[in-house]
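**Student:** This is the structure alone, sequence omitted:
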């Protein structure tokens, strides 16, 4: 095989819709990858951009008085806070973490407003008791990932082990005090912009070329530059889903369609949460899909998972796509 042919094959694998691969294992799109682990062994989950620390030019964002270098923006123990008026005063564990225990600031990955990105979770508006139980599950080894390339799951487990109960509660109460608000726009389509995986997200190529969506959900920043490089907590996401998936997902979520339990039984009729049960409306479809898969296949355990496992046991990957397309389309 000549080099040119080899390049074409490699490019085809990199940008091919996941539906072109055998359905053996977790859906790659939900975990931030373009192919199953068997086809991309050893792929790093969140490789840092080596040029970021060397760029010392102060950056700005519209509506912010802050000026930060790339190194300051990505400082794990005191990341940029572009819009302090958008959120309550952060406790130290959220704003700075704990350097001596290697606990990164919660605000680094989840943003000061708790909106988060597809590679992690949106945590604002979560019930305090649910947040605390989630951290306990991480601490006790009950939250692992079906795709071993996704390294931030292990990082969260390490953080939880090195945080005190009081620090966990402080973070839970801080994020729980903020309501979840619109963060994404769902677009049903057959063709999508070609994207590349980067730090657990999918970023559009500058060429603007398109490819078939197939049986995937692609969650990509509206503004790749300010999201990926500047960590803009006001810039949301576009969610590309298969045509007809929202309506199919609505049927599953509202009636169970003979395969599952109606989501509203526990998550509330409007899927905005009920008591200690978190809301689903307007939340990251990538995150929800991988949580359901992890529960279904025994990678996520814990108190609430025992209730969810029979609910998700019969769902196919297409069902997961339809459900998360529907929930993402809902007004929070």
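**Tutor:** Received, thanks. Everything numeric here is computed off the predicted structure, so don't read it as measured data.
**Student:** ok now do the spatially most central residue of the chain, which residues does it touch?
**Tutor:** Residue closest to the average C-alpha location in the chain (Cα atoms, centre = their mean): residue 118, at 2.5 Å. Residues in contact with residue 118 (Cβ atoms under 8 Å, 6 or more residues apart in numbering) are 32, 200-202, 219, 237, 284, 286-287. For every residue, glycine as well, the C-beta is placed using N, CA and C.
**Student:** What's the separation between it and residue 94?
**Tutor:** Applying Cβ to Cβ, to the nearest Å, the value for residue 118 to residue 94 is 21 Å.
**Student:** Just the pLDDT at residue 54, thanks.
**Tutor:** Residue 54 carries a pLDDT value of 80.
**Student:** secondary structure element for it?
**Tutor:** Following DSSP states H and E, there is no helix or strand that holds residue 54.
**Student:** Please list all residues in contact with it.
**Tutor:** Counted by Cβ under 8 Å, 6+ apart, residue 54 has zero contacts.
**Student:** rerun at 10 Å
**Tutor:** 69-71 (Cβ atoms under 10 Å, 6 or more residues apart in numbering).
**Student:** List only buried entries from these.
**Tutor:** 69-70 (16 or more other Cβ atoms under 10 Å).
**Student:** Format the contacts of residue 54 as CSV; extra columns: secondary structure, distance to residue 80 and pLDDT.
**Tutor:** Output for these, formatted as CSV (DSSP: H, G, I helix; E, B strand; the rest coil; distance: Cβ to Cβ, whole Å; pLDDT from 0 to 100):
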residue, secondary structure, distance to residue 80, pLDDT
69, coil, 9, 97
70, helix, 10, 95
71, helix, 10, 96
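**Student:** and which of the contacts of residue 54 is nearest to residue 229?
**Tutor:** Residue 229 has its nearest neighbour among these in residue 70, at 6.8 Å by Cβ to Cβ.
**Student:** That closest one and residue 57, how far apart?
**Tutor:** Applying Cβ to Cβ to residue 70 and residue 57 gives a distance of 8 Å.
**Student:** likewise residue 230?
**Tutor:** Taken as Cβ to Cβ, the span from residue 230 to residue 57 is 12 Å.
**Student:** which residues are in contact with both of these two?
**Tutor:** Common neighbours of residue 230 and residue 57 (criterion: Cβ under 10 Å, 6+ apart): residue 70.
**Student:** more neighbours, the two?
**Tutor:** residue 230 (20 against 7; other Cβ atoms under 10 Å).
**Student:** confidence score at the more buried one?
**Tutor:** Residue 230 is assigned a predicted lDDT (pLDDT) of 97.
**Student:** contacting residues around the nearest residue to it once chain neighbours are set aside?
**Tutor:** Spatially, and ignoring its direct neighbours in sequence, residue 230 is nearest to residue 59 (5.6 Å; Cβ to Cβ, 6 or more residues apart in numbering). Shown here is residue 59, whose contacts under the criterion Cβ under 10 Å, 6+ apart are 66-70, 72-73, 80, 82, 225-226, 229-232.
**Student:** What is the neighbour count of residue 306?
**Tutor:** 10.
**Student:** returning to that earlier point: just put the contacts of residue 118 in CSV and tack on distance to residue 190, neighbour count and pLDDT.
**Tutor:** Shown next, in CSV, are the contacts of residue 118 (distance: Cβ to Cβ, whole Å; neighbours: other Cβ atoms under 10 Å; pLDDT from 0 to 100):
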residue, distance to residue 190, neighbour count, pLDDT
32, 22, 25, 97
200, 25, 20, 92
201, 22, 21, 95
202, 17, 27, 98
219, 17, 28, 98
237, 20, 24, 98
284, 22, 27, 98
286, 20, 28, 98
287, 24, 20, 98
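**Student:** Which of the residues you listed fall in helices?
**Tutor:** 286-287 (DSSP state H).
**Student:** Contacts only, for residue 253.
**Tutor:** Applying Cβ under 10 Å, 6+ apart, the residues contacting residue 253 are 260-264, 267, 271, 280, 322-324, 326-327, 330.
**Student:** what's the helix or strand for it?
**Tutor:** With DSSP H and E as the test, residue 253 turns up in helix 245-255.
**Student:** Pull out the buried positions in that helix.
**Tutor:** In helix 245-255, counting by 16+ other Cβ under 10 Å, buried: 245-246, 248-250, 252-253.
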